[in-house]
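> quick check, what structure comes out for this input:
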Amino acid sequence: MKISQFLNKDNNNLDLARIILACLVIVGHSEAINGSGIYWIDPIEHFFKFTYSGAFAVKLFFFISGLVVTNSYLSKKSAIYFVISRIFRIIPALLFVLLVTVFIFGLALTKFEVLDYLSKLDYLIYIRRNLVFYSYYLLPGVFNENLYPNIVNGSFWSLRYEVACYIVLLILFIILGKRNKYYIIIIIIPIVLIFIDTLLPTRFLLSFIDNNPEKYLLPISFAYGAFLAVLSDKVMIGIYTVIFSILAFIAFKNTSFADFVFLFASCNILVYLSSRSFVLKLKPKYDISYGIYLWGFLIQQTIVHYLGHIYIGFHCVIAIIISVLLALLTFVFIEKPFIKKGKFVIDYIGRNMLKNTLIYEQKSIKE
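Predicted coordinates:
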């Protein structure tokens, strides 16, 4: 199947893939938050020693994001649509979770008295910084005694990288304009440069990112998704692509490039599997993956606060169930209404721009 066909919503089940990946992030965080256990090993790390569930899931999240967001821009070719849709998709749910965290979870979990806690919020720095993707993890007196102390929501760190990818993508398309016939070549050049830079022992383009593959492989994950979207009419991912990807990983699994090759193999396999008919039958009603991602770490820390160290399997099950329920509520009451509001704003701006254009043309004709 060509990527252009795959990107038709009826031909993929990326919503289910994202939900599974969001749950894998919870699994990946469980050992650090809950503590290790002799009868537990991370399911991804068990088979692939160079990574673990959380890192694996976040990179595939970035791949899907690059694929879907780039395709969205190419279909609309509107910077206004791109910016507004991203704002209404990301900010409302994030703000909601931040407010609930500070004024419900924080008040319930802090070791300080209520007025003392409120006085130490430092002008709501937790909300202000995280809302502009400048990760801030501390709330006064919250989770001080946990096994993974003081960090209220450690998942927020990746949002800054994702938003940075959106900004770079938008800048590239704005520079190219709507009708530039060379956009494919010009978009692919930075993707290839990121690809080369990722392979180098010392990075130049991505030198601001440390050598942790959990971070420096995020841009190439997003870039690969963007690459497939740009060449969607020319690229096909089928069973032979999957076989080649697996063989490539086997060839490189004992080298320093194992994580890199594994990433591309995983992306190709994800595309292939999410387009299979038996997977398409499992489509969820709502894409609650963002909500699971926002709530997961906080819920895990809260479980440890009340229950302490328990068997990790139980910890994961409890955390996933609660996070899914909260994510469902967040989607229904926050995300879905604001996505609709975003579309209304886009339509309103579009109508006004068209109206102003017609008025200007009529004036020009009269003159």
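
> hey, which helix or strand in this structure has the poorest pLDDT?
Using mean pLDDT, DSSP states H and E, helix 183-199 stands out as the lowest-scoring helix or strand of the chain, at a mean of 70.

> after it, next one along is what?
Downstream of helix 183-199, the first helix or strand assigned by DSSP states H and E is helix 213-216.

> chain center to that next one: distance?
Its chain's C-alpha centre and that of helix 213-216 lie 14 Å apart, by CA atoms, centre = their mean, to the nearest Å.

> likewise stretch 73-86?
The answer for stretch 73-86 is 18 Å, by CA atoms, centre = their mean.

> list the buried ones in that stretch?
Tyr73, Leu74, Ser78, Tyr81, Phe82, Ile84, Ser85, Arg86 (16 or more other CB atoms under 10 Å). Bear in mind the C-beta positions are built from the backbone N, C-alpha and C, glycine included.

> the first one and Phe82 touch, don't they?
This means Tyr73. Yes. The criterion here is CB atoms under 8 Å, and Tyr73 meets it with Phe82 at 5.2 Å.

> between those two, which contacts overlap?
Common contacts of Tyr73 and Phe82 (CB atoms under 8 Å, 6 or more residues apart in numbering): Leu170, Phe173.

> can I get the host helix or strand of Ile90 as CSV, trimmed to CA atoms?
Element membership of Ile90 [criterion: DSSP H and E] is helix 79-100. These are the backbone C-alpha positions of helix 79-100, laid out as CSV (Å, rounded to 0.1, in the frame of the first residue of the first chain):
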residue,chain,number,x,y,z
ALA,A,79,0.2,28.1,7.9
ILE,A,80,-2.8,29.5,9.7
TYR,A,81,-4.6,26.2,9.7
PHE,A,82,-1.4,24.5,10.9
VAL,A,83,-0.8,26.8,13.8
ILE,A,84,-4.4,27.0,15.0
SER,A,85,-5.0,23.3,14.8
ARG,A,86,-1.8,22.5,16.7
ILE,A,87,-2.7,25.1,19.4
PHE,A,88,-6.2,23.8,19.9
ARG,A,89,-5.0,20.2,19.9
ILE,A,90,-2.2,20.6,22.4
ILE,A,91,-2.8,23.5,24.8
PRO,A,92,-6.4,23.0,26.2
ALA,A,93,-5.7,19.4,27.5
LEU,A,94,-2.3,20.4,28.8
LEU,A,95,-3.7,23.4,30.6
PHE,A,96,-6.5,21.3,32.1
VAL,A,97,-4.1,18.7,33.4
LEU,A,98,-1.8,21.4,34.8
LEU,A,99,-4.7,23.0,36.7
VAL,A,100,-6.0,19.7,38.1
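
> please name every helix or strand in contact with it.
helix 53-76, helix 125-131, helix 157-176, helix 289-307, helix 312-330, helix 336-366 (3 or more CB pairs under 8 Å, 6 or more residues apart in numbering; DSSP states H and E).

> from the chain's centroid, how far away is it?
The answer for helix 79-100 is 13 Å, by CA atoms, centre = their mean.

> next, the angle helix 312-330 makes with that helix.
On the basis of axes from the mean of the first three to the mean of the last three CA atoms, to 10 degrees, helix 79-100 is oriented at 120 degrees to helix 312-330.

> in stretch 100-120, which residues are buried?
Quick answer for stretch 100-120 (16+ other CB under 10 Å): Val100, Thr101, Val102, Phe105, Gly106, Leu109, Thr110, Tyr117.

> next, the distance between the ends of stretch 139-153.
With CA to CA, to the nearest Å as the measure, the ends of stretch 139-153 fall 10 Å from one another.

> just want the angle from whatever helix or strand Glu31 lives in to helix 53-76.
Take DSSP H and E as the rule and Glu31 turns out to sit in helix 14-34. Interaxial angle, helix 14-34 versus helix 53-76 (the same axes, to 10 degrees): 150 degrees.

> which helix or strand lies directly C-terminal to helix 14-34?
helix 43-47.

> rewinding a little: in helices only, show me the buried residues of stretch 100-120.
In this view, those that belong to helices under DSSP state H are Val100, Gly106, Leu109, Tyr117.

> any chance of the residues you listed in JSON lines, with pLDDT and distance to His315 too?
As requested, those are exported to JSON lines (pLDDT from 0 to 100; distance: CB to CB, whole Å):
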{"residue": "Val100", "pLDDT": "98", "distance to His315": "21"}
{"residue": "Gly106", "pLDDT": "97", "distance to His315": "22"}
{"residue": "Leu109", "pLDDT": "97", "distance to His315": "17"}
{"residue": "Tyr117", "pLDDT": "97", "distance to His315": "27"}
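
> switch those residues over to JSON lines; also include distance to Leu131.
Listed next are these as JSON lines, based on distance: CB to CB, whole Å:
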{"residue": "Val100", "distance to Leu131": "14"}
{"residue": "Gly106", "distance to Leu131": "16"}
{"residue": "Leu109", "distance to Leu131": "21"}
{"residue": "Tyr117", "distance to Leu131": "20"}
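
> check contacts around Ile33.
Asn146, Leu147, Tyr148, Phe297, Gln300, Gln301, Val304, His315.

> please apply the same query to Val271.
Val271 sits next to Ile3, Phe6, Asn12, Leu228, Ile237 when contact means CB under 8 Å, 6+ apart.

> quick revisit: report the angle between the axes of the helix holding Glu31 and helix 157-176?
140 degrees.

> with only the CA atoms kept, save helix 14-34 in CSV.
Taking C-alpha atoms only, helix 14-34 is exported to CSV below (Å, rounded to 0.1, in the frame of the first residue of the first chain):
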residue,chain,number,x,y,z
LEU,A,14,-2.9,4.9,14.0
ASP,A,15,-5.3,5.9,16.8
LEU,A,16,-5.0,2.4,18.4
ALA,A,17,-1.2,2.5,17.8
ARG,A,18,-0.9,5.8,19.7
ILE,A,19,-3.0,4.5,22.6
ILE,A,20,-0.8,1.3,22.9
LEU,A,21,2.3,3.5,22.7
ALA,A,22,1.0,5.8,25.4
CYS,A,23,0.4,2.8,27.7
LEU,A,24,3.9,1.6,26.9
VAL,A,25,5.3,4.9,28.2
ILE,A,26,3.6,4.1,31.5
VAL,A,27,5.2,0.6,31.4
GLY,A,28,8.6,2.2,30.6
HIS,A,29,8.4,4.5,33.6
SER,A,30,7.2,1.9,36.1
GLU,A,31,10.5,0.5,37.2
ALA,A,32,12.0,4.0,37.9
ILE,A,33,8.9,5.2,39.7
ASN,A,34,7.7,2.0,41.5
